[in-house]
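Peer 1: need a 3D model of the sequence below.
(chains A and B)
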Number of protein chains: 2
Amino acid sequence: MKQNIYDNPIFFHQYKVLRQKELNYNRLLEQPTMKSLLPPLTNSDILDIGCGMGEFAKYCIDHQAKHVTALDVSSNMLAMAKQEHAHPQIDYQLQAIEDYEGPSYSFDCITSSLSLHYVKDFDAVIDRIARMLRHNGVFVFSVEHPIATARQAMEDNWIYDDEHNRLHYAIDHYHEEGLREQTWLVEGVVKYHRTIATMINTLIAHGLTIEKIVEPLPSKEAILQLPSLEKELRRPSFLFIKAKK
Amino acid sequence: MKQNIYDNPIFFHQYKVLRQKELNYNRLLEQPTMKSLLPPLTNSDILDIGCGMGEFAKYCIDHQAKHVTALDVSSNMLAMAKQEHAHPQIDYQLQAIEDYEGPSYSFDCITSSLSLHYVKDFDAVIDRIARMLRHNGVFVFSVEHPIATARQAMEDNWIYDDEHNRLHYAIDHYHEEGLREQTWLVEGVVKYHRTIATMINTLIAHGLTIEKIVEPLPSKEAILQLPSLEKELRRPSFLFIKAKK
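Peer 2: All right, here's what the predicted structure looks like:
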């Protein structure tokens, strides 16, 4: 989370273009899955880690949440969030989760969409999240799937034949956890690869109970709208974990 | 489990040769991991599904278990088990888990090493296992890792360069659960691929709590003894799940 690629002006411009498309992975795959895993939001206090442009924070308020604390490390992102999704019950804060000192037992639900793979010290962040959750509170997060982050690849993990058909997806270095540098919109985007076992066991070690794992599949409708989503059948891009305190 | 490739004479002969080697994946990787995940065995009733040659059943008795019910579908395997690891506290039964009608709340620990990927109806088997466990009973099993079973491959999933160096591991069809036919010692070994999410969620749906996930790594010692184990760093062969009732 402390990596602030979103304040790189070239990255941010390209990211905005991508996200403003009606048809993207966030709208068609990640967000529907995240929303399907939420507990009832009525009257709840929510912490959203890596809130980006605030669409999800606003969704929570629209679904009767009492208050959303929405963190992001990018001032670009927060400027857009405050412009497009400002609301008196949403508190946008320029803050990395690693530095956020929220009070213990203060949230009914903590969410994070595709941001925890930017975190270097996963254990410390989960410790913090587990502490801030209320009893029976729910933590739902998505990350890039370890199958996708494993290989040290500046290039595409898809392997093609001579006619540019996808032959299969390449995996390697699965057990070498840590830094991965990638080109995504710009060069040098830094992520951290962790195994599935590490993520699940870290949650359990901090007293959380695993409620559900999702490796999301696009709906048929979504594939009709964005045919490239069909690749998700061949290997998962995202991993979701829902856990309870 | 109902597939009975182990009673195919060519397969069984080759399997015996493989297993009788001092250095194999079972002895150096699978069994040490399985043993590290067991609860204290003293005075416990154990069900071992796919007991093979009975080494593990005997291990449990040697570690103060009260009784082991050891199931296998192969009469070849059970003949060897009874010859090499007979014991008055071990009850070997020629039985598929799908057909085993054990009484409810009758086992403190249920184990299965590399056999549940032969099971077609995973949900029905987990339902049965959850029913037979005592309160606080532990279920530990290993299967071939979904990363390894995903691709419909009669051939090797490793991709090589012209000099036969391993370039990467191939994954594909991850979300197409079901039958996989493989050549392992003989042609036509049938396994069932399931996603990680499916396995974990099935356990949870049957009232079990996930305690630990392991994607085992060989020890340095084991790699010195069997250098091919180093490949485990690049992609996991096995997945272990430990759950509690």
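Peer 1: can we go C-alpha only for contacts and neighbour counts from here?
Peer 2: Will do.
Peer 1: helix or strand right after the helix or strand bottoming out on mean pLDDT in chain A?
Peer 2: Sorted by mean pLDDT, DSSP states H and E, the helices and strands of chain A end with helix A:9-20, the least confident at a mean of 72. On the C-terminal side of helix A:9-20, the closest following helix or strand by DSSP states H and E is helix A:25.
Peer 1: how about residues contacting that following helix?
Peer 2: Helix A:25 is touched from outside by A:Leu229, with contacts defined as C-alpha atoms under 8 Å, 6 or more residues apart in numbering or on different chains.
Peer 1: now it: average pLDDT?
Peer 2: For helix A:25, mean pLDDT rounds to 89.
Peer 1: helices and strands around the helix or strand just after that helix, which ones?
Peer 2: Proceeding N to C from helix A:25, the next assigned helix or strand is helix A:31-36, under DSSP H and E. Where contact means 3 or more C-alpha pairs under 8 Å, 6 or more residues apart in numbering or on different chains; DSSP states H and E, helix A:31-36 is packed against strand A:133-144.
Peer 1: so what touches the strand it packs on?
Peer 2: So strand A:133-144 is contacted by A:30, A:34, A:37-39, A:104-117, A:129, A:237-245 (C-alpha under 8 Å, 6+ apart).
Peer 1: can you mark which positions in the least confident helix or strand of chain A are buried?
Peer 2: A:Phe11, A:Phe12 (16 or more other C-alpha atoms under 10 Å in any protein chain shown).
Peer 1: repeat that for stretch A:236-245.
Peer 2: For stretch A:236-245, the neighbour count (16+ other C-alpha under 10 Å) marks A:Pro236, A:Ser237, A:Phe238, A:Leu239, A:Phe240, A:Ile241, A:Lys242, A:Ala243, A:Lys244, A:Lys245 as buried.
Peer 1: contacting residues for the first one?
Peer 2: Remark: with contacts taken as C-alpha under 8 Å, 6+ apart, A:Pro236 is in contact with A:His145, A:Ile147, A:Ala148, A:Glu215, A:Pro216, A:Leu217, B:Tyr174, B:His175.
Peer 1: the last one touches A:Leu233, doesn't it?
Peer 2: This means B:His175. Yes - look at B:His175 against A:Leu233 with C-alpha atoms under 8 Å: they come within range, at 5.0 Å.
Peer 1: mutual contacts of those two, please.
Peer 2: A:Leu217.
Peer 1: first-to-last residue distance for stretch A:51-69?
Peer 2: 9 Å (C-alpha to C-alpha, to the nearest Å).
Peer 1: cool, stretch A:67-79 as well?
Peer 2: Distance across stretch A:67-79, first residue to last, is 19 Å (C-alpha to C-alpha).
Peer 1: work out the gap between it and the centre of the chain.
Peer 2: Chain-centre distance of stretch A:67-79: 14 Å, with C-alpha atoms, centre = their mean, to the nearest Å.
Peer 1: hmm, who's touching it?
Peer 2: So stretch A:67-79 is contacted by A:1-7, A:12, A:43-54, A:57, A:60-61, A:89-97 (C-alpha under 8 Å, 6+ apart).
Peer 1: so A:Val125: helix, strand or coil?
Peer 2: helix (DSSP: H, G, I helix; E, B strand; the rest coil).
Peer 1: next, the contact list for it, please.
Peer 2: A:Val125 neighbours (C-alpha under 8 Å, 6+ apart): A:Ile97, A:Glu98, A:Val119.
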